[in-house]
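Dropping the sequence and predicted coords here.
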Protein chains: 2
Amino acid sequence: MENNIQEISSVGAAPAVGASIQVFAPATVANVVCGFDVLGFAVNAPGDEVVMRVTNTPGIAISKITGDDGRLPMDPAKNTVSVSVKHYLESIGRTDLGLDIELHKKMPIGSGLGSSSASTVAGLFAAKTLLGDTSDPIHQLPFAMKGEEMACGYGHADNVAPALFGGFVLVRSYEPLDIVRLPHPKELYCAIVFPDVDVPTREARQIIRQKIQMKDAVTQWGNIAGLVSGLFMNDIDLIGRSMQDVLVEPVRSMLIPDFYKMREMAMELGAVSFGISGSGPSVFAFTRDGHTAHAITQKLQAHLTHIKIGSQGYVSPINDVGPKVI
Amino acid sequence: MENNIQEISSVGAAPAVGASIQVFAPATVANVVCGFDVLGFAVNAPGDEVVMRVTNTPGIAISKITGDDGRLPMDPAKNTVSVSVKHYLESIGRTDLGLDIELHKKMPIGSGLGSSSASTVAGLFAAKTLLGDTSDPIHQLPFAMKGEEMACGYGHADNVAPALFGGFVLVRSYEPLDIVRLPHPKELYCAIVFPDVDVPTREARQIIRQKIQMKDAVTQWGNIAGLVSGLFMNDIDLIGRSMQDVLVEPVRSMLIPDFYKMREMAMELGAVSFGISGSGPSVFAFTRDGHTAHAITQKLQAHLTHIKIGSQGYVSPINDVGPKVI
C-alpha cells in the first residue's frame, strides 16, 4: 500500500522576532453533490484571514479573534488554528518558537463552507511561510485534519485539502491518506447562498442513514465517475448531469429552508447544477459564467428575505491558488 | 434531463442477396473491481465470431452454432444474437430483409467475460455493416441491451458498451442511458484466467447484499473516482491503488477457487491490480507489459491444474477497436 505523502523536505532559518505575515485562505464546498466525504473545491470568496507574528515567548498565543461573535475559543489548547499550528511545529521540532495569532473570521461559522478549514489552513500557511518551509502543501494536510477533528469531531479532509491546494480535490482514501488533485473547466462559476439557519455539522452527519440500498450506491458511484470524467473532459453538460445525490441530499435538504424551491429557481436561471455545500445549510450552484451566478444569488437571497430568513451570497470562480499572503 | 443517444443517422442501400460478412467482437471485463455495474473494458482475446449472409427469405435464421457444446438455442426467437438483430432491423424499418447467421463461439460461456455480449455485438455489427449503416455505434446499444436482458435476466450495459466501442466505458446512468468513453494508459495489459467452474450470472447477482453500509459505499466511490482519475492521468499506480472492492468481491470471491491465493500470486509477479471479471469465475490482472501478464496466466493456470481445475488463459492489451470485419 502506498501513501502519496512524503517527508517534509525543507525548513528555512529561524524567523526574526517581530516578523509578521497576513494570510487569506479560501472557503470550500465539500461533497459536491455526488461525492459525499470524498470531493471538495475551493472558492475565492468567502474566506478567513490570519495575522501571525513571531514573539520571543515560546509557544502559541491567540491575541485577537474578530468576526466570530465570541463563538470561538481564545484558549490556544482549544482553538483549531493554534492546535493545528502546534502539531505542525512539533513535527518539525520547532516548539521553541513563539507565535502570536490574530484570527479574522470573514465568513460565517456553521455555514457548511469549511469555516474551520479556512481558519486552520490560513494559520498553517502563515506558520509555514514565516518558517521558510517550501515543502509541498500536502505535508500540512495531517495537521489541518487534526484541527478538523477538534472542530467537527471527525478528522475529515474534504474541506482542508481543497483549502490547502485550491481547485478540485478527491480524497480517494484515508487509510492510507491518498489525495488526487482534479482539473476543472476554467469558465465554471460558483454561486453560493448561506441561509442563516443553524445546521451543526455533528447533527447533520447523524441524520444520514448508516445502511443504504446497493442500487442507490451504484447510482451514486456512476455519478461520481461521471463528474470526475466531466472535470477531466471539460464537459460541463456531463458535470451537470452527474451532479445528482440520491443518498444524502434527500435527508439533509430537510434542514434547509425551501431547498427544492431554491433548486428550481437556480435551474430556471440557467444553473448547471445545484446542491448542498458540505453539511449545509449553504447551497451552491455551478454556472457557465459570473453573470448567471450573480442572478442566482440575487434571486435566492430575495426569496429567503421574502420568507424572513437572512442570508449571505457569494459569487466566485473556482479558486486554484489555495492560501495566499495578503 | 439529457440523453446522449441521438437518432440513427443513415442507412445505405439494400444489400444484395448472397452478400456476406464475417465479424469478430471482443470479450469484456465488467465491474473492473471498484465499478460494479457501471464500468467495463474490452480485450483483444478472447472474443466471438459471426458470419452473416443476406438471403431472399425475409426474417432471421440461425443455420449454425459452433463451440457452444450445444448450450445455445438455434431458435431465432430465443437466441440473443438474432433477437438483438431483429430489434435493430425493426428500428430501421427493414424487417423485409432476410439474414442467415452462423455463430462461432470462440470463448467460454458463463465465464464472466461477456460471452453473450461478444456474440450479440458481433451480430449487430455484421448487420449494420451489411446495411451500410454508418451511424455511431451508440445507436446499437439499446438493441444489444435487449440481448443481455434475454441472456442474463437483466438488461445491463457494462459488457455490451465496451464490446461495441472498445476501450474503457462508464455507464453513468441507465435512466436516461448515459455512456462515457474513458481513456486509458496505452501500455496497460490484461491477464485473464477462466477457471472452469460454474458461476451462473443470475446466481452471482443474487448473493450480493441488497443493503450495505454507507461507509463502505463511500470507500467504493472514493475508489471509482480514483480509478477514473488514474485512467485520465495515465497514472498506473493510482489505477492500482484504486482497484479495491469492499462490497462485491468479498461475497463473489467465495464462488471462485483459491481467489485470494491467486491474487497473492499475481501481485507477487508484479500485477498492478487483480480482481473478478464481471460476475466471475474469470479473474483478471492489470500489468504494465505483456511479459508480466503472460507470467501471471501461466502461474495461475499451473496452480489451478495443481488443484485439479481446468482453465483458459488470455493475455491482451485493452482493445480500442470494438467489433471488426475479419
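It's in. This is a predicted model, so every value here is computed, not measured.

Look up how far chain B lies from A:Leu131.
31 Å (C-beta to the nearest C-beta, to the nearest Å). Backbone N, C-alpha and C define where each C-beta goes, glycine included.

Also A:Gly70?
For A:Gly70 relative to chain B (C-beta to the nearest C-beta), the value is 35 Å.

Can you identify the element that follows the lowest-mean-pLDDT helix or strand in chain A toward the C-terminus?
Taking all helices and strands of chain A together, the one with the lowest average confidence (mean pLDDT, DSSP states H and E) is helix A:201-206, at a mean of 69. On the C-terminal side of helix A:201-206, the closest following helix or strand by DSSP states H and E is strand A:211-213.

Please see if that next one touches chain B.
Yes. With C-beta under 8 Å from any C-beta of the partner chain as the threshold, strand A:211-213 lies in contact with chain B, specifically through A:211-213.

elements contacting that strand?
Judged by 3 or more C-beta pairs under 8 Å, 6 or more residues apart in numbering or on different chains; DSSP states H and E, the packing partners of strand A:211-213 are strand B:211-213, helix B:214-233.

right, is the longest one up against chain A?
Yes. Interface with chain A: helix B:214-233 contributes B:214-215, B:217-226, B:228-229, B:232-233 (C-beta under 8 Å from any C-beta).

Ranking by neighbours, what's the top pick from the residues you listed?
Neighbours here are counted as other C-beta atoms under 10 Å in any protein chain shown. On that basis the top member of the residues of helix B:214-233 next to chain A is B:Val228, with 33 neighbours.

Could you check how far stretch A:107-117 is from the centre of its chain?
Computed by C-alpha atoms, centre = their mean, to the nearest Å, the chain-centroid distance of stretch A:107-117 equals 8 Å.

ugh, wrong one, I meant stretch A:207-215
For stretch A:207-215, the gap between its own C-alpha mean and the chain's C-alpha mean amounts to 25 Å (C-alpha atoms, centre = their mean).

Equivalent analysis for stretch A:111-123, please.
Shown here is stretch A:111-123, whose average C-alpha point lies 6 Å from the average C-alpha point of the whole chain (C-alpha atoms, centre = their mean).

Stretch A:233-249 too?
On the basis of C-alpha atoms, centre = their mean, stretch A:233-249 sits 19 Å off its chain's mean C-alpha point.

got the buried residues for it?
By neighbour count with 16 or more other C-beta atoms under 10 Å in any protein chain shown, stretch A:233-249 contains the buried residues A:233, A:235-236, A:238-249.

So what touches that stretch?
Outside stretch A:233-249, the residues within contact range by C-beta atoms under 8 Å, 6 or more residues apart in numbering or on different chains are A:31-34, A:36, A:183, A:185, A:187-188, A:208-209, A:212, A:216-217, A:219-220, A:223-227, A:229-231, A:272-276, A:286, A:288, B:1-2, B:172-173, B:178, B:180, B:214, B:217, B:232.

From those, list the buried ones, please.
Neighbour-count burial within those applies to A:31-34, A:36, A:183, A:185, A:188, A:212, A:216-217, A:219-220, A:223-227, A:229-231, A:272-276, A:286, A:288, B:172-173, B:178, B:180, B:214, B:217, B:232; the criterion is 16+ other C-beta under 10 Å.

Would you map out the domains in chain A?
Under the assignment named as automatic domain parsing, the residue ranges that make up the domains of chain A are A:20-182+A:321-325, A:189-317.

For the first one, give the mean pLDDT please.
Mean pLDDT, computed over domain A:20-182+A:321-325, is 94.

possible to save the domains of chain A as TSV with distance to B:Ile256?
Compiled in TSV, the domains of chain A are given as follows (distance: least, C-beta to C-beta, whole Å):
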stretch	distance to B:Ile256
domain A:20-182+A:321-325	25
domain A:189-317	20
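
Check the burial of the residue nearest to A:Met74 when sequence neighbours are not counted by counting its neighbours.
Closest residue in space to A:Met74, ignoring its immediate chain neighbours: A:Ile62 at 5.1 Å, by C-beta to C-beta, 6 or more residues apart in numbering or on different chains. With neighbours defined by other C-beta under 10 Å, the count for A:Ile62 comes to 20.

Please name the bridge partners of A:Ile62.
According to DSSP bridges, the partner residues bridging A:Ile62 are A:Ile101.

Residues of the stretch 201-326 of chain A that sit close to chain B?
Contact residues of the stretch 201-326 of chain A with respect to chain B, defined by C-beta under 8 Å from any C-beta, are listed as A:208-215, A:217-226, A:228-229, A:232-233, A:237-238, A:241-242, A:247.

can you give me the helices in chain A?
A:80-91, A:115-130, A:141-152, A:160-165, A:201-206, A:214-233, A:236-242, A:249-252, A:259-268, A:290-306 (DSSP state H).

which other residues reach the first one?
Helix A:80-91 has contacts (C-beta under 8 Å, 6+ apart) with A:8, A:50, A:60-62, A:76-77, A:95, A:97, A:99, A:101, A:103, A:116, A:119-120, A:122-124, A:127-128, A:140, A:142-144, A:146-148, A:150-151.

got the buried residues for it?
Of the residues in helix A:80-91, those with enough neighbours to count as buried (16+ other C-beta under 10 Å) are A:80-89.

May I see the residues you listed organised as a markdown table, with distance to B:Gly313 added?
Below are the buried residues of helix A:80-91 laid out as a markdown table (distance: C-beta to C-beta, whole Å):
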| residue | distance to B:Gly313 |
| --- | --- |
| A:Thr80 | 55 |
| A:Val81 | 58 |
| A:Ser82 | 60 |
| A:Val83 | 56 |
| A:Ser84 | 53 |
| A:Val85 | 56 |
| A:Lys86 | 57 |
| A:His87 | 51 |
| A:Tyr88 | 52 |
| A:Leu89 | 56 |
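
Let me see the contact set for the closest residue to A:Gly222 other than its chain neighbours.
Here the nearest residue to A:Gly222 in space, its sequence neighbours aside, is B:Val38; by C-beta to C-beta, 6+ apart that works out to 4.3 Å. If you count contacts by C-beta under 8 Å, 6+ apart, B:Val38 has them with A:218, A:221-222, A:225, B:158, B:170-172, B:224.

Tell me the residues of the stretch 51-200 of chain A that contact chain B?
Counting by C-beta under 8 Å from any C-beta, the stretch 51-200 of chain A sits next to chain B at A:170-173, A:178, A:180, A:182.

The same query, at a cut-off of 6 Å, please.
Counting by C-beta under 6 Å from any C-beta of the partner chain, the residues of the stretch 51-200 of chain A lying close to chain B are A:170, A:172-173, A:180.

hmm, back to that, can you flag the buried ones in the contacts of helix A:80-91?
Buried residues within the contacts of helix A:80-91, defined by neighbour count using 16+ other C-beta under 10 Å: A:8, A:50, A:60, A:62, A:76, A:97, A:99, A:101, A:103, A:116, A:119-120, A:122-124, A:127-128, A:140, A:142-144, A:146-148, A:150-151.

one step back: columns mean pLDDT on top of the helices and strands packed on strand A:211-213, output as a markdown table?
Formatted as a markdown table, the entries for the helices and strands packed on strand A:211-213 read as follows, by pLDDT from 0 to 100:
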| stretch | mean pLDDT |
| --- | --- |
| strand B:211-213 | 94 |
| helix B:214-233 | 97 |
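
Just tell me which of those ends up closest to A:Val17.
Each of these was checked against A:Val17 via C-beta to C-beta, and the shortest separation belongs to helix B:214-233, namely 44.5 Å.

Tell me how many other residues crowd A:Ala305.
If you look again at residue A:305, you'll see it is Thr, not Ala. The local packing count at A:Thr305 equals 11, with neighbours defined by other C-beta under 10 Å.

do you know how far the closest residue in space to it that isn't next to it in sequence is from chain B?
What sits nearest to A:Thr305 in space, not counting adjacent residues and going by C-beta to C-beta, 6+ apart, is A:Ser311, at 7.3 Å. The spacing between A:Ser311 and chain B, counted by C-beta to the nearest C-beta, is 29 Å.
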